[in-house]
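Asks: Here is the input, now give the coordinates:
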Amino acid sequence: MRSCFAWAAALLVVACGSEPAGPPEIAYALEECDFCRMIISQEAHAAAVVGPNGSSWAFDDLGCLLAARERWKSDGARVWVHDVESLEWLEAEEAVFVRQDRGTTPMGSGLVALATREQAIQRVADEDAIHDWQELVSADQALGGFMDHDTDHDTDYEEEIGR
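Replies: Modelled structure (predicted):
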């Protein structure tokens, strides 16, 4: 009997451990961004990361998420973003990103996530402004971040993406 109980407990641990972690709960209007420390108030622009050990980070702007990448990047970390239109959580690897006017997001990055390329095309006139997650990370690294308000990166950004 004891071995059956031990076997069942081990099976439960393996089964629970193999389920991928979803996005963490964010207490909007109460929780601080893990990068800039501003209160996360707009669900449409919130993002989160869940590490392989279950640790999590929450951000108020996609620019903050990217700026804090050195803190959370690891194999197995899952990055979550909100579709700016439906507010549904999306894995960053599956989302499409566009950069709009800087004033449209909480910290001014202008970055928003969408579920489909068709949605993105409706938001921007230039399809070269539409990116997948890897392109966005690469552009952020090349520019030294989207969050630097002291330097106008708009021209550098356009050069980096080939405009």
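
Asks: how near is residue 108 to residue 89?
Replies: 23 Å (CB to CB, to the nearest Å). Placement of C-beta: from N, CA and C, glycine included.

Asks: who's more crowded, those two?
Replies: Set residue 108 next to residue 89 and count neighbours by other CB atoms under 10 Å: residue 89 wins out with 18 against 15.

Asks: Phi and psi next, for the more buried one.
Replies: For residue 89, the backbone dihedrals (degrees, to the nearest 10) come out as phi -70, psi 140.

Asks: Report the spatially nearest residue to it, omitting neighbours in sequence.
Replies: If you skip the residues right next to it in sequence, residue 89 has residue 23 as its closest partner in space, 4.5 Å away by CB to CB, 6 or more residues apart in numbering.

Asks: Also residue 50?
Replies: Nearest non-adjacent residue to residue 50 (CB to CB, 6+ apart): residue 21, at 4.4 Å.

Asks: again, but for residue 92
Replies: residue 79 (3.8 Å).

Asks: and the host helix or strand of that neighbour, which residues are buried?
Replies: Element membership of residue 79, judged by DSSP states H and E, is strand 78-82. Across strand 78-82, burial judged by 16 or more other CB atoms under 10 Å covers 78-82.

Asks: Could you single out the nearest of these to residue 137?
Replies: Residue 137 lies nearest to residue 79 out of those, by CB to CB, at 9.5 Å.

Asks: For stretch 80-95, output the C-alpha coordinates as PDB.
Replies: Extracted C-alpha coordinates of stretch 80-95, given in PDB (Å, rounded to 0.1, in the frame of the first residue of the first chain):
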ATOM      1  CA  TRP A  80       3.700  36.800 -22.100                       C
ATOM      2  CA  VAL A  81       2.300  40.000 -23.700                       C
ATOM      3  CA  HIS A  82      -1.300  41.300 -24.000                       C
ATOM      4  CA  ASP A  83      -3.000  41.700 -27.400                       C
ATOM      5  CA  VAL A  84      -3.600  45.400 -27.200                       C
ATOM      6  CA  GLU A  85      -7.100  45.000 -28.700                       C
ATOM      7  CA  SER A  86      -8.600  41.900 -27.100                       C
ATOM      8  CA  LEU A  87      -6.500  42.000 -23.800                       C
ATOM      9  CA  GLU A  88      -5.900  38.300 -24.200                       C
ATOM     10  CA  TRP A  89      -2.500  37.000 -23.000                       C
ATOM     11  CA  LEU A  90      -0.200  35.800 -25.900                       C
ATOM     12  CA  GLU A  91       3.100  34.100 -25.700                       C
ATOM     13  CA  ALA A  92       5.600  36.600 -27.100                       C
ATOM     14  CA  GLU A  93       6.900  34.100 -29.600                       C
ATOM     15  CA  GLU A  94       3.400  33.900 -31.200                       C
ATOM     16  CA  ALA A  95       2.600  37.600 -31.100                       C
END
